[in-house]
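> I'd like to go over a predicted model; first the sequence, then the structure.
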Number of protein chains: 2
Amino acid sequence: MDKAAQEKNTGQSTNIVWHQASIGRQEREQQQGHKSVILWFTGLSGSGKSTLANAVNSSLFSKGCSTYVLDGDNIRHGLCKDLGFSDSDREENIRRIGELSKLFIDAGTITLTAFVSPFRADRQSARELVEDGDFIEIHCSANLAICEERDTKGLYAKARAGEIKEFTGISSPYEEPLSPEIKVDTGEQGLEECVEIILSKLIDMGIISNP
Amino acid sequence: MDKAAQEKNTGQSTNIVWHQASIGRQEREQQQGHKSVILWFTGLSGSGKSTLANAVNSSLFSKGCSTYVLDGDNIRHGLCKDLGFSDSDREENIRRIGELSKLFIDAGTITLTAFVSPFRADRQSARELVEDGDFIEIHCSANLAICEERDTKGLYAKARAGEIKEFTGISSPYEEPLSPEIKVDTGEQGLEECVEIILSKLIDMGIISNP
């Protein structure tokens, strides 16, 4: 903290000059002992994005990292509750999540997002909001057959019955990442294995330190 | 961290059950040693909201608190860049800032917002988004004459010349808080004095501990 920047410079009481003090991302990262990045989980509904993001979050938290998960539960009913599922609303939804993640990483937080985010262009837009190296795309690659067999929320059945329109994988495409920073097979691999793959990659990338 | 919740439960590979682990606000507050709240600075343009919020932020950061400032610089050009200054856009702007603050306090962060936020109804809406005790309204009460004399950004001159319409204090009302949790006279008091008033109030309220 720049102490001098906090000192008031008093002239006449109506002419007090207040210097601006500010804490930046670098100071926060130094204090916390890790870099702040976006871990952007993408994959089909039922591929385990949210569960995996929360498990990685728990692991990072137990190592003392500052972390936060953004997912449907805390976004769709709050910041984005005015948005529906039209193309433009879907695009705006991803834009806001990107801007939000940008604020969180500026605050020094490792930010995990868990949204289907099926389109490359939208993920690319989110990537371009932040600096090189700040956006880590994690492809949860469980295939459609497995996700549909799990159908944990009963959404595939509804989509097949035509009750949900433009459902990713059924009536709307999922565009797989071409070169994600990390890929985990959430259909065949166990949760702990996926968590370990991600954590060791984050250590390799110099984002967190080896405990 | 609930270790059990991270353990995979493998049956057939296509039938892996993944238990959800999640870290809540309470765990974060415990780890950080302080509560997370919104410090909502409100006052006229030029009243010193942003400077004061940043000075309080620096002080809290130096005590090891997790903190973040939301202000025009990081909001209007990002998350809210699609919004103008109509009544409905202004209301949506405050709504998003409120929702955003809610996420930050859920992440365990003391969140400082520095916006004119002239209308009681809007501040009340932001207050109602969060739990009792989470919203701390800080009135920066420098009066109009002092703010206009400072006119640090030349905005009052433009408003007087009619170049800016609906400018708070000139052509649009500022509704003073009726019972803010904290009030500082940013016209007559120095920056350091205002910071001290706020910090000792936060200690009194049990939000941060006495160093």
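Now that the structure is in, tell me what you want to look at.
> in three-state terms, label the residue nearest the centre of chain A for me.
For chain A, A:Thr113 is the residue whose C-alpha lies nearest the centre (CA atoms, centre = their mean; 2.4 Å). Under the three-state scheme (DSSP: H, G, I helix; E, B strand; the rest coil), A:Thr113 adopts strand.
> how about it: what's its closest non-neighbour residue?
A:Leu70 (4.7 Å; CB to CB, 6 or more residues apart in numbering or on different chains). From N, CA and C alone the C-beta is placed, and that goes for glycine too.
> on the three-state scheme, that neighbour is what?
Quick answer, by three-state DSSP: A:Leu70 is strand.
> correct me, but the residue nearest to the centre of chain A touches A:Thr67?
No - using CB atoms under 8 Å, A:Thr113 makes no contact with A:Thr67, being 11.8 Å away.
> list the helices and strands the helix or strand where A:Ile136 lies packs on?
Taking DSSP states H and E as the criterion, A:Ile136 maps to strand A:135-140. For strand A:135-140, the elements it packs on are strand A:38-42, helix A:49-62, helix A:120-129, strand A:182-184, judged by 3 or more CB pairs under 8 Å, 6 or more residues apart in numbering or on different chains; DSSP states H and E.
> quick one: closest of these to B:Gly187.
helix A:120-129 (38.3 Å; CB to CB).
> buried set for that closest one?
A:122-123, A:126-127, A:129 (16 or more other CB atoms under 10 Å in any protein chain shown).
> so it versus strand A:135-140, what angle?
150 degrees (axes from the mean of the first three to the mean of the last three CA atoms, to 10 degrees).
> now do the same contact list for A:Gly24.
Shown in contact with A:Gly24 (CB atoms under 8 Å, 6 or more residues apart in numbering or on different chains): no residues.
> roughly how far does it sit from B:Leu191?
For A:Gly24, the distance to B:Leu191 equals 20 Å [CB to CB, to the nearest Å].
> report pLDDT for A:Asn210.
Listed pLDDT for A:Asn210 reads 78.
> what's the neighbour count on A:Ile198?
The local packing of A:Ile198 (other CB atoms under 10 Å in any protein chain shown) involves 24 other residues.
> how about the strand or helix carrying it as CSV, C-alpha atoms only?
Using DSSP H and E, A:Ile198 falls within helix A:191-204. These are the backbone C-alpha positions of helix A:191-204, laid out as CSV (Å, rounded to 0.1, in the frame of the first residue of the first chain):
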residue,chain,number,x,y,z
LEU,A,191,-14.0,-37.2,-10.3
GLU,A,192,-10.8,-37.4,-8.3
GLU,A,193,-8.7,-38.3,-11.4
CYS,A,194,-10.1,-35.3,-13.2
VAL,A,195,-9.4,-33.0,-10.3
GLU,A,196,-5.8,-34.2,-10.2
ILE,A,197,-5.3,-33.7,-13.9
ILE,A,198,-6.5,-30.1,-13.6
LEU,A,199,-4.4,-29.3,-10.4
SER,A,200,-1.2,-30.6,-11.8
LYS,A,201,-1.8,-28.7,-15.0
LEU,A,202,-2.3,-25.5,-12.9
ILE,A,203,1.0,-26.2,-11.1
ASP,A,204,2.8,-26.8,-14.5
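> is it in proximity to chain B?
Yes - Helix A:191-204 is in contact with chain B by CB under 8 Å from any CB of the partner chain, via A:191-193, A:195.
> so which elements touch the longest helix seen in chain A?
Ranked by residue count under DSSP state H, the longest helix found in chain A is helix A:87-106. Judged by 3+ CB pairs under 8 Å, 6+ apart, helix A:87-106 is in contact with strand A:38-42, strand A:67-71, strand A:110-114, helix A:120-129, strand B:67-71, helix B:87-106.
> for the third one, name the packing helices and strands.
Spelled out, that is strand A:110-114. strand A:38-42, helix A:49-62, strand A:67-71, helix A:87-106.
> what mean pLDDT does the strand holding A:Ile136 get?
The model assigns strand A:135-140 a mean pLDDT of 98.
> quick one: it to strand A:110-114, angle?
Using the same axes, to 10 degrees: strand A:135-140 against strand A:110-114 is 40 degrees.
> quick one: the next helix or strand along the chain from strand A:135-140 near chain B?
As assigned by DSSP H and E, the chain's next helix or strand after strand A:135-140 is helix A:144-150. Yes - Helix A:144-150 lies within reach of chain B by CB under 8 Å from any CB, at A:145-146, A:149-150.
> among those, show me the least confident.
A:Arg150 (92).
> how about the nearest residue to that one once chain neighbours are set aside, secondary structure?
Counting by CB to CB, 6+ apart, A:Arg150 lies nearest to A:Gly46, which is 4.8 Å off, once chain neighbours are set aside. Judged by three-state DSSP, the three-state class of A:Gly46 is coil.
> surely A:Gly46 meets A:Ala145?
No - counting by CB under 8 Å, A:Gly46 stays clear of A:Ala145, with 10.8 Å between them.
> looking at those two, which one has more neighbours?
A:Gly46 (23 against 11).
> tell me who's in contact with A:Glu166.
Contacts of A:Glu166 by CB under 8 Å, 6+ apart are A:85, A:172.
> so it lies in a strand, does it not?
No - assessed with three-state DSSP, A:Glu166 is coil; it does not lie in a strand.
> quick check: it vs A:Asp89, distance?
Distance from A:Glu166 to A:Asp89, by CB to CB: 12 Å.
> please apply the same query to A:Ile110.
28 Å.
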